[in-house]
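A.B. asks: what's the 3D shape of this:
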Amino acid sequence: MNADIQFSVLGPVRLHKQGLEEAAGQPRQCAVLASLLLRAGRPVSLSRLVEDVWGDEAPLSAIGSVRTYVYRLRRALGERSDSSVDLVDGGYLLHIQPDAVDLNRFKETTAKAREARSTGDLAAASNLLSKGLEMWKGEALAGVPGPFAGQQRSVLGELRLACAEDQLACEVERGRYAEAAAELSALLVEHPLRERVCALLMTALYGAGRQSEALTIYHTTSHLLRQRLGVSPSLELQQVHERILSGRFQLPKDTNGSAGGRHTASPRPRAQLPAALPHLVGREKEQEQVEQLIADAEASSSVAVCVVGGAAGIGKTAFATTVAHRLAERFPDGQLFADLHGEGPGAEPRDPAGILADFLQSLEVRPEAVPETTQARGLMFRDLLAKRRMLIVLDNAWNADQLKHLLPGSPGSMALITSRMQLHALVAGYQALPLTLLPLSQADARSFLARRLGAARTDAEPEAVDRIIHLAGRLPLALANVAARAAYRPQTPLASLADEYAPSEHSALDAFTSDGDPVLDVRASIARSYRLLDPEAASLFRALGAWPGHVFATSDAASTAAQSEQRVRQTLSRLIHAHLVSEIVPGKYNWNRLVAAYAAEQAGSGMHEAPDRAVSHDPPPASGSAPAVPVDFPR
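C.D. replies: Down below sits the predicted model:
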């Protein structure tokens, strides 16, 4: 430990200077310090600190109090310290050496233990894990108030428990059955539903010649799981039980053939990702944001969740699946994929219970062991993910409520979600990263066509290419429609194709309709977004179809719809929520030319489609207020 100031969070928040403990301040001051420590190296805004300490019940004096606490912390650190708190963009940035925090030293120690265990050195791994456990001085962030501290206590508590399980697993594999059984018995009393602890205890008891006690432990835990959670024991636990009963139980063997041995990893589920695009054009900035999200989640021991949104035909699914393939190596325990049918043609949103059943069976849960209720399936799913690093891709989400049981609850895994709707509840409740895809730039659109048709063909007719891009509104789906037609007609000049895609006397969308293939049908894709609107939003959408142009102000919309600006502004927020309209600057909006063409069709048809189903998406936040969070996400 080289830092002259040490911080402790694995217990009460403490500050040690030159080996001597100094007061960390009153509980709320400790909460501010904890927030800065656990985000060390990243600026924390004043508003975030207030939220961390008080949540939704912050008094008017909260900002002043936070500034006072930071001032006191600076005084405690001193001017000559290698730790400092700097003012950055209206917030605060804590600079510390990594080994100044006991949590970082704990993580480094457990990482060394994993490395030792992977080489079969169980004794070294067990000793390192024991040293890691000795760093804990009680419950993490003990006595620290605020929602942030509460959340982190849960996350850090899981790290401590996992470390204890790993240490005792090493002892069992070394053949130290009696000693391990005593500690595992105490641990199971504290965590009676912890199936891994039960399995280890049964193994230790059997190894110590106490078979009847091992079977009793199984029946007790099995009864508790059914009574409290409505679930059957996990596959691993059932297999331990069956092997003990049948006499086929083989105790682990180490590399020398004695009791003990290497840890056997859980079976890797089949990779379920759909095929990725050979070349994803553009989207470099968005890919970097996803990479940064993963890095931030690893640094803060939190769950990475990303919501990819955007207009119909913008390429959300293509982006998500292609990026998921590129990230696959970072999630070695596998990748799960599900289409939630939140925007599919004529399909109802999928029931999360059915998706969970599929996921659980992919994770080696026998069909008869899958729990009955959605909540119980979600609990089992999160428990199975707790020891894995997995990527879960959830395509075409309907709303946040459909997702709450499908998301990982422990650090290490990531959820990558696509949706046509803005999922405010997910962003607020899970701190998900909202990633909105925009139409391709002119250069990226040219590259899109060149990669599909060949650079020689597109370079030969640059003016025709630019005209096609304009007619397609720079939407990837519309450009794919053109590219598919052009690929089947290699002798047709692109200028002739551009003429075919020019607006007909009826609509600019006529040529972008794909007979018999809804995947490439731009009109059908926009229609699915339109059908998600409530009646008032759909009425405004149709009214705007008469507006001449693709840019309009609130006053223009109000005049066109013959409504007050206040009412129109609220309705426009729902069109933004559905990614049919974008707000350029406050009070000024635009929409894609093909979306505008569809609105014009609806306005002139005299026959308006009713929404397919009652809208229950997360409502957009009212102006000047925080997003509503109607979903209670499980952790």
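
A.B. asks: what's the closest non-adjacent residue to I468?
C.D. replies: A498 (5.0 Å; CB to CB, 6 or more residues apart in numbering). All C-beta atoms are positioned from the backbone trio N, CA, C, and that covers glycine.

A.B. asks: Contact partners for that neighbour?
C.D. replies: With contact set as CB atoms under 8 Å, 6 or more residues apart in numbering, A498 has these partners: A464, R467, I468, L471.

A.B. asks: which intervals of the stretch 401-550 of the chain have sub-threshold pLDDT?
C.D. replies: Screening the stretch 401-550 of the chain residue by residue with the criterion pLDDT under 70, one finds the ranges 504-506, 514-519.

A.B. asks: Distance of R117 relative to E165?
C.D. replies: Relative to E165, R117 is positioned 13 Å away (criterion: CB to CB, to the nearest Å).

A.B. asks: So in the chain, where's the weakest helix or strand by average pLDDT?
C.D. replies: Least confident element among the helices and strands of the chain, by mean pLDDT, DSSP states H and E: strand 20-22 (a mean of 77).

A.B. asks: and the next element down the chain from it?
C.D. replies: Sequence order places helix 27-37 as the next helix or strand after strand 20-22, per DSSP states H and E.

A.B. asks: Now do the nearest residue to P192 once chain neighbours are set aside against R194, distance only.
C.D. replies: If the residues on either side of it in the chain are set aside, P192 comes closest to L224, at 5.5 Å by CB to CB, 6+ apart. When distance is defined by CB to CB, L224 is 10 Å away from R194.

A.B. asks: Tell me which of those two has more neighbours.
C.D. replies: Taking neighbours as other CB atoms under 10 Å, L224 and R194 compare with R194 leading, 18 against 14.

A.B. asks: so which helix or strand takes in the closest residue to that one other than its chain neighbours?
C.D. replies: Distances taken as CB to CB, 6+ apart put L188 closest to R194, at 6.7 Å, once the chain neighbours are dropped. When elements are defined using DSSP H and E, L188 is found to belong to helix 177-190.

A.B. asks: Report the contact partners of A557.
C.D. replies: Applying CB under 8 Å, 6+ apart as the definition, the contact partners of A557 turn out to be L540, A543, L544, W547, V568, L572, Y589.

A.B. asks: and of these, the nearest to L385?
C.D. replies: L572 (39.3 Å; CB to CB).

A.B. asks: three-state assignment of that closest one?
C.D. replies: helix (DSSP: H, G, I helix; E, B strand; the rest coil).

A.B. asks: how much space is there between L509 and Y488?
C.D. replies: Between L509 and Y488 the computed distance is 20 Å (CB to CB).

A.B. asks: Kindly report the same for Q402.
C.D. replies: For Q402 relative to Y488 (CB to CB), the value is 38 Å.

A.B. asks: how close does the residue sitting furthest away from the middle of the chain get to K137?
C.D. replies: Residue farthest from the centre of the chain, counting by CA atoms, centre = their mean, is Q491 at 46.3 Å. In this structure, Q491 and K137 are separated by 78 Å, where distance is defined by CB to CB.

A.B. asks: coming back round to it: so L509 and Y488 - more neighbours on which side?
C.D. replies: Summary of the neighbour comparison: L509 and Y488, criterion other CB under 10 Å, with L509 having more neighbours (23 against 8).

A.B. asks: Grab the nearest non-local neighbour of the more buried one.
C.D. replies: Sequence neighbours aside, R523 is the residue nearest to L509 in space, at 4.6 Å (criterion: CB to CB, 6+ apart).

A.B. asks: so the one you found sits in a helix?
C.D. replies: Yes - according to three-state DSSP, the state of R523 is that of a helix.

A.B. asks: so who does it touch?
C.D. replies: Applying CB under 8 Å, 6+ apart, we find R523 in contact with L509, F512, T513, Y598, E601.

A.B. asks: Try it again at 7 Å.
C.D. replies: Taking CB atoms under 7 Å, 6 or more residues apart in numbering as the contact definition, R523 lies against L509, F512, T513, Y598.

A.B. asks: Just the pLDDT at the residue lying closest to D351 once chain neighbours are set aside, thanks.
C.D. replies: Leaving aside its sequence neighbours, D351 sits nearest to T374 (CB to CB, 6+ apart; 7.8 Å). Listed pLDDT for T374 reads 87.

A.B. asks: T374 contacts Q402, doesn't it?
C.D. replies: No - using CB atoms under 7 Å, T374 is not in contact with Q402; the gap is 10.6 Å.

A.B. asks: Same drill for the two, tell me which one is more crowded.
C.D. replies: Set T374 next to Q402 and count neighbours by other CB under 10 Å: Q402 wins out with 24 against 18.

A.B. asks: and the more buried one, what helix or strand is that in?
C.D. replies: Q402 belongs to helix 400-403 when elements are defined using DSSP H and E.

A.B. asks: swap in D86?
C.D. replies: Under the assignment given by DSSP H and E, the secondary-structure element containing D86 is strand 84-88.

A.B. asks: And for T109?
C.D. replies: When elements are assigned from DSSP H and E, T109 belongs to helix 102-118.

A.B. asks: Pull out the buried residues from that helix.
C.D. replies: Applying a neighbour-count criterion of 16 or more other CB atoms under 10 Å, the buried positions in helix 102-118 are D102, L103, N104, R105, F106, K107, T109, T110, K112, A113, A116, R117.

A.B. asks: which helices and strands does it pack with?
C.D. replies: In this structure, helix 102-118 makes packing contacts with helix 122-134, judged by 3 or more CB pairs under 7 Å, 6 or more residues apart in numbering; DSSP states H and E.

A.B. asks: repeat that with 8 Å
C.D. replies: Secondary structure elements in contact with helix 102-118, counted by 3 or more CB pairs under 8 Å, 6 or more residues apart in numbering; DSSP states H and E, are strand 5-8, helix 122-134, helix 147-173.

A.B. asks: Let's have those in a markdown table, adding mean pLDDT and mean neighbour count.
C.D. replies: As requested, those are arranged in a markdown table below (pLDDT from 0 to 100; neighbours: other CB atoms under 10 Å):
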| stretch | mean pLDDT | mean neighbour count |
| --- | --- | --- |
| strand 5-8 | 89 | 21 |
| helix 122-134 | 93 | 20 |
| helix 147-173 | 93 | 20 |
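
A.B. asks: would you turn the ones you listed into TSV with distance to H341?
C.D. replies: Putting the helices and strands packed on helix 102-118 into TSV (distance: least, CB to CB, whole Å) gives the following:
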stretch	distance to H341
strand 5-8	48
helix 122-134	45
helix 147-173	32
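
A.B. asks: where along the stretch 451-600 of the chain do the helices fall?
C.D. replies: Remark: helices of the stretch 451-600 of the chain, listed N- to C-terminal, are 455-460, 462-471, 476-488, 494-501, 522-530, 535-544, 554-561, 565-577, 593-605; assignment by DSSP state H, counting those that start in this stretch.

A.B. asks: Can you check which of the ones you listed gets nearest to S84?
C.D. replies: Minimum separation from S84 across the helices of the stretch 451-600 of the chain (CB to CB) falls at helix 565-577, 41.8 Å.

A.B. asks: Now do the strand ranked longest in the chain against helix 565-577, angle only.
C.D. replies: The strand that spans the most residues within the chain, counting by DSSP state E, is strand 304-310. Angle of strand 304-310 versus helix 565-577, following axes from the mean of the first three to the mean of the last three CA atoms, to 10 degrees, is 110 degrees.

A.B. asks: Remind me what strand 304-310 packs against, helices and strands.
C.D. replies: Checked by 3+ CB pairs under 8 Å, 6+ apart, strand 304-310 has helix 284-300, helix 316-327, strand 414-418, helix 424-430, strand 433-437 packed alongside it.
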